[in-house]
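J.: quick one: sequence plus predicted model below, questions after.
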Amino acid sequence: MPILETQNLTHVFPDGTVAIDNINLKIYPGEFVVMAGANGSGKTVLARHFNGLLKPTKGQVLIDGQPITKNILEARKKVGLVFQDPDRQFVGQTVTEEVAFGPENLNLPPAQVEAMVKTALEVVGLNRFSQQNPYVLSGGLKRKLAIAGVLAMQPKIIVLDEPFTGLDYPGVVQVLQQILRLHEMGHTIILITHELEKTLAHAGRLVIINQGKLVEDGQPEAVVYRAEQYGIRMPLRKGEEVKDLTWLK
Amino acid sequence: MAEITFFQYIYGDTILHRMDGRLKLACMLLLSLAASFATALHHYLLAFGLLIFALRLAKLPWTALLKDLRFFGLIILLVISINAWTIPGDPIPTLPLPGLSRQGVVAGLRFAGRLAIIVLVCAVVTGTTPLRTFGQVIEWVLRPIPFVPAARIATMVTLTFALIPVLLGQFAEMMAAQKARGIELRKNPVRRLYYAVFPFLEQMLRRTDQIVEAMEARGYSEVRTRAVFKSTKRDWLIFLLCLSVFLYVCCS
Amino acid sequence: MEPNEFFKPTTAPREDEARTNLRMTVYVALFTALIIIGGYISIPLPIGPVPIVLADFFTMVTGVFLGYRWGLTSVALYLCLGILGLPVFAGGKAGLAVLFGPTGGFLFGYLFLVAVVGFIVHKGKPSLFKTAMALVAGNLLLYGVGVTWLKTVLKIGWPAAVAAGLIPFIPGIIIKIVVASALARTLLPRFQQGPVPPFRQ
Ligand SMILES: Nc1ncnc2c1ncn2[C@@H]1O[C@H](COP(=O)(O)OP(=O)(O)OP(=O)(O)O)[C@@H](O)[C@H]1O
Ligand SMILES: [Mg+2]
């Protein structure tokens, strides 16, 4: 059974923009999916439907076979969404507060909240910064904190919206390692990006969105050759294979 | 003004940092009340003595604190001089400025002393208490009162404190941008206020919707983990100290 | 009993209700913070020696945007923070003594101001005229309460109370009413449309 499924998902904004159009997608437990598409193709809008931040004009989203509208809080616990811009995601004044926000919403006992925060910070390696103000962290650390924030709720699925924007080389490597680590830990990963050269080697599946429609879905090795026609830079240079597409050495 | 880091928590591990939030806020309440009742010189000296002791205890960075207080210093000076010149009375023989009266100076100093105590109390408390604790304490106080949405009010308080520095920063930035584009040239006061506030408010409304979205994405719920407070004997001792200062100032 | 009932729930379905409540919670915090910083920031205007303080201006704006119920919540929160001893009243003052001092009437008056403005603006169809009238009525109440209070506490006569508590502020009041009306016209419709997903590029 798919862990996440969208059925005929369509979103039309009040001004008439059709941001996503009839998207049918099934994600299975433990997958590592890269979702690509040009600017404005609808990736962010799609991701915001996964945990009910946006409501579909038509169609529905199922998690573990259940429509998310049934229990929205449960859906938000299961699908952790890491925003495109981490600054927009922060709600706490210190790193600890920021990470504790999610577990507190689940109404867990204080001791358990504390334990979850500690674990999440350890996983991303931020425990040294637990009393810092989130806004003063470096770009890479901010991204890690954003990840820790959703990780503390122990979601089954983690959706990362363009996690590499604005990061320098070490920043990208740090965050990429982090994502792989989460995948190894058993989380289902949906990684939204248009920079295939940084990550595709690790993905088991490549999905391409173009002008709101799902146009390609399959093995990276098969799909990657058709990426360019949808406004995504062809990541393969002469003699390279998909397994070379990573910024990790 | 944007540098007012006034409601900023400064991480530390001192007696005051570890103190039970409920008692700490009670102390704040008592001391600022005492400040409003203070009349005699030794009341002020007592309060200042206590505060200097608290500042030492909290190990707050003096220099940063003084920088923050600069702004209030200006207000205090203003208050003293307004009082000094507006309250009628006898002139001071050693300082014969026209219009200056002894009664006025005394009243001004008294007023300024109160203000300084309140500001210092607040500096010590906010410097040693994470914002979230304020919300938690207020939630704890309201919890037993029926029909009051304690969790919601706690969230409001925490967010209010969090937003103040953001707003001040945003406002300063925006004023600078407006100056760069020559707002000074506008003589019409209506336009001037409008062009100062409109972009500021628009930006803040957008920022607020972002905060709402961020909280929603993490499943914000008003049925949430409640804080547990623990108080030690030492916390009670500090509280009793503040209580006795309060009682002394009020009753003597 | 649901604590929500304190703020009378709307007829919207549960999830939308939670969403609206959260949105208004955050907005109450925003406007409370605006009222607080309004007591600190001032915009130098080329009229008179008194710079305009913006606390009352933001109280008007609060009423315009939040309506009377949430607007009152916001002002009440502001007053409570001041009572607690945080220097939130204009010029860094705080405490019960200020609230019950000579100018306390102007602080309590904010409650009337925000309630009247919020009630009138949010009743029926919005229009510029109605907003302006609401603001005028709100200010009449604010200064009515404030000046009466001033007179009573200081035990002075009406002329003195009006001279100290009303006359110097009249130009400022007019400017603030005009600007608040203009803001209501440009920003309020957008605000009422509901949360614009802010990620629009
Ligand atoms: N609030 C909104 N109102 C109207 N249209 C919107 C809104 N938000 C987004 N859109 C439109 O929906 C489309 C999809 O936007 P979306 O943000 O999902 O793109 P994206 O694939 O994430 O792009 P990027 O790579 O730039 O992040 C765009 O055409 C955008 O202009
Ligand atoms: Mg996007």
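T.: Looks like it arrived, so ask away. Residues are numbered from 1 along each chain as shown, chains lettered A, B, ... in the order given. Ligands and ions are numbered 1, 2, ... in the order given.

J.: quick one: the strands in chain C, in order.
T.: Assigned by DSSP state E, chain C shows strands spanning C:42-43, C:52-53.

J.: can you check chain A too?
T.: In chain A, the strands defined using DSSP E lie at A:4-12, A:18-27, A:32-36, A:58-63, A:66-67, A:79-82, A:157-161, A:188-192, A:205-210, A:213-218.

J.: now the helices for chain A?
T.: A:43-50, A:72-78, A:95-105, A:110-124, A:139-151, A:169-184, A:196-199, A:220-223 (DSSP state H).

J.: residues contacting the fourth one, please?
T.: Outside helix A:110-124, the residues that touch it by CB atoms under 8 Å, 6 or more residues apart in numbering or on different chains are A:95-96, A:99-100, A:103-104, A:108, A:127, A:130, A:144-145, A:147-149, A:151-154, A:178, A:181-182, A:185, B:225-228. To be clear about C-beta, it is placed using only N, CA and C from the backbone, and glycine gets the same treatment.

J.: please spell out the PyMOL selection for the buried subset of those residues.
T.: To isolate the buried ones among the contacts of helix A:110-124 in PyMOL, judged by 16 or more other CB atoms under 10 Å in any protein chain shown, type:
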select buried, (chain A and resi 95+96+99+100+103+104+108+127+130+144+145+147+148+149+151+152+153+154+178+182) or (chain B and resi 225+226+227)
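
J.: list the contacts for the residue most central in space within chain C?
T.: The residue lying closest to the centre of chain C (CA atoms, centre = their mean) is C:Thr59, at 1.6 Å. By CB under 8 Å, 6+ apart, C:Thr59 lies in contact with C:35, C:38, C:75, C:110, C:113-114.

J.: what's near enough to touch the residue lying closest to it once chain neighbours are set aside?
T.: In this structure, C:Thr59 finds its nearest non-sequential neighbour in C:Tyr110, 4.8 Å apart by CB to CB, 6 or more residues apart in numbering or on different chains. The contact partners of C:Tyr110, by CB under 8 Å, 6+ apart, come to C:35, C:55-56, C:59, C:75, C:78-79, C:142.

J.: try C:Val116
T.: By CB under 8 Å, 6+ apart, the contact set of C:Val116 is C:63, C:68, C:134, C:137-138, C:141.

J.: if we use 7 Å, what do you get?
T.: Applying CB atoms under 7 Å, 6 or more residues apart in numbering or on different chains, we find C:Val116 in contact with C:134, C:137-138, C:141.

J.: the residue nearest to C:Thr148 when sequence neighbours are not counted: neighbouring residues, count only.
T.: Leaving aside its sequence neighbours, C:Thr148 sits nearest to C:Gly105 (CB to CB, 6+ apart; 6.6 Å). Neighbour count for C:Gly105, taken as other CB atoms under 10 Å in any protein chain shown: 23.

J.: close to chain B, is stretch C:177-187?
T.: Yes: judged by CB under 7 Å from any CB of the partner chain, stretch C:177-187 and chain B are in contact via C:178-179, C:182-183, C:186-187.

J.: give me the subset of the residues you listed touching chain A.
T.: Taking CB under 7 Å from any CB as the test, chain A is in contact with none of those.

J.: before we move on, the earlier item: and the contacts of C:Val116, which is closest to ligand 1?
T.: Checking the contacts of C:Val116 against ligand 1 with CB to the nearest ligand atom, the nearest one is C:Ala134 at 30.5 Å.

J.: how about the residue nearest to that closest one when sequence neighbours are not counted, what does it touch?
T.: In space, not counting the residues next to it along the chain, C:Ala134 is nearest to C:Ile120; the distance is 3.6 Å by CB to CB, 6+ apart. Shown in contact with C:Ile120 (CB under 7 Å, 6+ apart): C:130, C:133-134, C:137.

J.: burial measure for B:Pro93, as a count.
T.: Per other CB under 10 Å, the neighbour tally for B:Pro93 reads 7.

J.: I am finished for the moment; much appreciated.
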